[in-house]
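Colleague: Got a predicted structure plus its sequence, pasted below:
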Number of protein chains: 2
Amino acid sequence: MGAFTSMSDRIVTAAVIIIGNEILSGRTQDTNLRDIALTLGRKGIRIAEARVLPDVEDVIVAAVNELRARHDYVLTTGGLGPTHDDITAACIAKAFGVELVEDPAIAAMLRTREAPPEVMAARLRMALVPKGAGLIENDAGSPPGFFIGNVYVLAGIPRIMRAMLVPLEKTLIGGAVVQSRSVIAYVGESRIAEPLRNVQALHPNVDIGSYPFLKDGRVGTTLVARGTDEVQLDEVLAQLERMLVANGVEPMRE
Amino acid sequence: MGAFTSMSDRIVTAAVIIIGNEILSGRTQDTNLRDIALTLGRKGIRIAEARVLPDVEDVIVAAVNELRARHDYVLTTGGLGPTHDDITAACIAKAFGVELVEDPAIAAMLRTREAPPEVMAARLRMALVPKGAGLIENDAGSPPGFFIGNVYVLAGIPRIMRAMLVPLEKTLIGGAVVQSRSVIAYVGESRIAEPLRNVQALHPNVDIGSYPFLKDGRVGTTLVARGTDEVQLDEVLAQLERMLVANGVEPMRE
């Protein structure tokens, strides 16, 4: 799926564009962002931003062009079906200033199942890709997604989207992989906020997050350290655990 | 919570900004967007766009200023706690070019529970709001959120976020409420794509979406018509059902 030079240790970022009125109306709960983030995270590609956009051409075209200039990769989900509300391929073609053309491989795949002419015509809409695009195969039995430039266009249905992530995980080139370490404690965030800030200040290239939770009526906090240097992460985790003990709280592994 | 003139029948839009590295890393599945969309939808406020942003000041400030100029409302979630990674209040103050000040009502609430000085100092970070902001109360026992201009700043924890939506649902002024009608059928999208496009063409101010599904191994499609005119929606639903029957498919209500 295209040749890439290695991006080695620089920070590699991606933006995700979730396309669909049904997400913005609240009818459908998106889960694709999380699946994409976890998959790309394993490759050392960080999601720097995500947008949920309506089925409106101008809005999608503008976002694609803004985000593909700013990030190493852009991934979109949704709007690849055969109906009138599936406009993603046309939007991507417009964003790149190229024609929408019928891909012969997808068309051949769609023609293997017989159908009346008007049904086949609708089905063949799924063979339309921007001129010059490559295909993103999947083993879900669905037509492929496609990529053009640094923009990867995936289905919206989670099962099919995940199947399209499989080849991407194999081929996309990332940078250093962000690892994480975490510790939980039954303590309110305020009680450890000050010493926690001090640990963060000592490790500016580790990202320490503090996430409160309520479990069985007890207030707790999960501390998560994220960074690319595992030795440093282990040291940060040890410091966090000592900090908790020094504040009279028992550190627990998740 | 501020005086608004009626927005009657014009289209009222909001943008949602989900703030937090933990959403972009895939650690946490966001559910706030859907809750906000459903609540505001009942008020006739349409979510036109949503963004998921990292805990990075410049990125948040730029998005807040872009989106508050473009939409009637902006709602943010996340980053309101007492720890170093909670930067939302500071970002909103910067976006509006105002100071961050201690709100006396929130501070008084936080002081009711005794704590050592350094713990209280951390806790009082949750009393910092942009100068001129109003408060968004909640019955979850948490410090209030706040609003300034057309920007409403809510907690990230879903239980608290939902409690903050309660006063917003009472006070925000929307436009015509978007209603929906839907019908499901065990048919592939391609088979009805053409007649579906014709129904959509007859009703340009109704938004017809087609959502494929797989249930018990059977392919199906949900057709959803959304619009503000209930008489028209009922007519569209009837046309969709007749269209399905004409194509040899049994229409079913969800």
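Modeller: Noted; the coordinates are in hand. Because the structure is a prediction, the values reported are computed rather than measured.
Colleague: tell me which element the closest residue to chain B within the stretch 151-254 of chain A falls in.
Modeller: In the stretch 151-254 of chain A, the residue that lies nearest chain B is A:A193 (3.4 Å; CB to the nearest CB). (C-beta placed from N, C-alpha, C; glycine too.) Taking DSSP states H and E as the definition, one finds A:A193 inside helix A:189-202.
Colleague: what mean pLDDT does the longest helix belonging to chain A have?
Modeller: For chain A, the longest helix by residue count, based on DSSP state H, is helix A:230-246. Across helix A:230-246, the average pLDDT comes to 97.
Colleague: Please spell out which residues along it are buried.
Modeller: A:232-233, A:235-237, A:239-241, A:243-244 (16 or more other CB atoms under 10 Å in any protein chain shown).
Colleague: Now do the following helix or strand past it: which elements does it pack against?
Modeller: As assigned by DSSP H and E, the chain's next helix or strand after helix A:230-246 is strand A:252-253. If contacts are counted by 3 or more CB pairs under 8 Å, 6 or more residues apart in numbering or on different chains; DSSP states H and E, strand A:252-253 sits against strand A:179-185.
Colleague: Partner strands of the strand it packs on and their direction?
Modeller: Strand A:179-185 sits in its sheet next to strand A:218-227 (antiparallel), strand A:252-253 (antiparallel), going by DSSP bridges.
Colleague: Just want the angle from the first one to helix A:230-246.
Modeller: Computed by axes from the mean of the first three to the mean of the last three CA atoms, to 10 degrees, the angle separating strand A:218-227 from helix A:230-246 equals 160 degrees.
Colleague: Alpha carbons of strand A:218-227, in CSV - could you do that?
Modeller: The C-alpha coordinates for strand A:218-227 follow below in CSV (Å, rounded to 0.1, in the frame of the first residue of the first chain):
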residue,chain,number,x,y,z
ARG,A,218,-15.6,5.0,47.0
VAL,A,219,-13.7,7.8,45.4
GLY,A,220,-10.5,6.8,43.6
THR,A,221,-8.0,8.1,41.1
THR,A,222,-6.1,6.4,38.3
LEU,A,223,-2.8,7.9,37.5
VAL,A,224,-1.5,7.2,33.9
ALA,A,225,2.0,8.0,32.7
ARG,A,226,2.5,8.0,29.0
GLY,A,227,5.7,8.3,27.0
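Colleague: how about the helices in chain A?
Modeller: Taking DSSP H as the test, the helices found in chain A are A:21-24, A:32-42, A:57-70, A:88-96, A:104-111, A:117-124, A:158-171, A:189-202, A:230-246.
Colleague: for those helices, which one sits closest to B:A140?
Modeller: helix A:189-202 (15.3 Å; CB to CB).
Colleague: If we go by neighbour counts, what in the closest one is buried?
Modeller: The neighbour-count check on helix A:189-202 (16+ other CB under 10 Å) flags A:189-196, A:199-200 as buried.
Colleague: Likewise for stretch A:55-70?
Modeller: Buried positions in stretch A:55-70, judged by neighbour count with 16+ other CB under 10 Å: A:55, A:59-61, A:63-65, A:67-68.
Colleague: gap between it and the chain center?
Modeller: Mean-position distance between stretch A:55-70 and its chain equals 16 Å (CA atoms, centre = their mean, to the nearest Å).
Colleague: Please state the mean pLDDT value computed over that stretch.
Modeller: In this model, stretch A:55-70 carries a mean pLDDT of 98.
Colleague: What parts of the stretch 101-250 of chain A come near chain B?
Modeller: A:115, A:118-123, A:125, A:157, A:159, A:178, A:180, A:189-191, A:193-194, A:196-197, A:200, A:207-212, A:214, A:224, A:226 (CB under 8 Å from any CB of the partner chain).
Colleague: List only buried entries from those residues.
Modeller: Applying 16+ other CB under 10 Å to those flags A:115, A:119, A:122-123, A:125, A:157, A:178, A:180, A:189-191, A:193-194, A:196, A:200, A:207-212, A:224, A:226 as buried.
Colleague: low-confidence ranges in chain A?
Modeller: Filtered on pLDDT under 70, chain A yields the residue ranges A:1-9.
Colleague: try it again with 80
Modeller: Within chain A, the segments meeting pLDDT under 80 span A:1-9, A:254.
Colleague: In it, which residue is most central in space?
Modeller: Central residue of chain A (CA atoms, centre = their mean): A:I36, 3.3 Å from the mean position.
Colleague: so that one touches A:T76, yeah?
Modeller: No. With contact defined as CB atoms under 8 Å, A:I36 does not reach A:T76; the gap is 10.1 Å.
Colleague: residues shared between the contacts of those two?
Modeller: A:V16 (CB atoms under 8 Å, 6 or more residues apart in numbering or on different chains).
Colleague: Nearest residue to A:I208 in space, ignoring adjacent ones along the chain?
Modeller: A:Q200 (4.6 Å; CB to CB, 6 or more residues apart in numbering or on different chains).
Colleague: wait, what's in contact with that neighbour?
Modeller: Listed by CB under 8 Å, 6+ apart, the contact set of A:Q200 reads A:206, A:208, B:84-85.
Colleague: same check, this time on A:A246
Modeller: A:A246 sits next to A:P195 when contact means CB under 8 Å, 6+ apart.
Colleague: What distance do you get for A:I19 to B:V199?
Modeller: As judged by CB to CB, to the nearest Å, A:I19 and B:V199 stand 22 Å apart.
Colleague: I meant to write A:I18 there.
Modeller: Counting by CB to CB - A:I18 and B:V199 are separated by 26 Å.
Colleague: Kindly report the same for A:C91.
Modeller: Taking CB to CB as the measure, A:C91 falls 23 Å from B:V199.
Colleague: related to what we said a few turns ago, now the longest helix of chain A and helix A:189-202, what's the angle there?
Modeller: Going by the same axes, to 10 degrees, helix A:230-246 makes 140 degrees with helix A:189-202.
Colleague: how far out from the middle of the chain is helix A:230-246?
Modeller: Taking CA atoms, centre = their mean, one finds the center of helix A:230-246 at 29 Å from the center of the full chain.
Colleague: Kindly report the same for stretch A:213-230.
Modeller: Offset of stretch A:213-230 from its chain centre (CA atoms, centre = their mean): 22 Å.
Colleague: buried set for that stretch?
Modeller: A:220-228.
Colleague: What is the neighbour count of A:P104?
Modeller: Residues near A:P104, counting by other CB atoms under 10 Å in any protein chain shown, number 9.
Colleague: And for A:L154?
Modeller: For A:L154, the count of nearby residues is 27 (other CB under 10 Å).
Colleague: ok, A:V12 touching A:I173?
Modeller: Yes. Assessed by CB under 8 Å, A:V12 is found in contact with A:I173 at 7.5 Å.
Colleague: With neighbour numbers in mind, choose between those two.
Modeller: More neighbours surround A:V12 than the other of A:V12 and A:I173, with 21 against 17 (other CB under 10 Å).
Colleague: Next, the contact list for that one, please.
Modeller: By CB under 8 Å, 6+ apart, the residues touching A:V12 are A:44-46, A:72-73, A:173-175.
Colleague: thinking again about what came up before, C-alpha coordinates for the helix holding A:A193, CSV please?
Modeller: Taking C-alpha atoms only, helix A:189-202 is exported to CSV below (Å, rounded to 0.1, in the frame of the first residue of the first chain):
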residue,chain,number,x,y,z
GLU,A,189,-7.5,14.0,43.3
SER,A,190,-7.1,17.1,45.4
ARG,A,191,-5.3,15.3,48.1
ILE,A,192,-2.5,14.3,45.7
ALA,A,193,-2.7,17.2,43.2
GLU,A,194,0.3,19.1,44.5
PRO,A,195,2.8,16.2,44.8
LEU,A,196,1.5,14.9,41.5
ARG,A,197,2.3,18.2,39.9
ASN,A,198,5.8,17.9,41.2
VAL,A,199,6.3,14.4,39.7
GLN,A,200,5.1,15.8,36.3
ALA,A,201,7.5,18.8,36.6
LEU,A,202,10.4,16.4,37.0
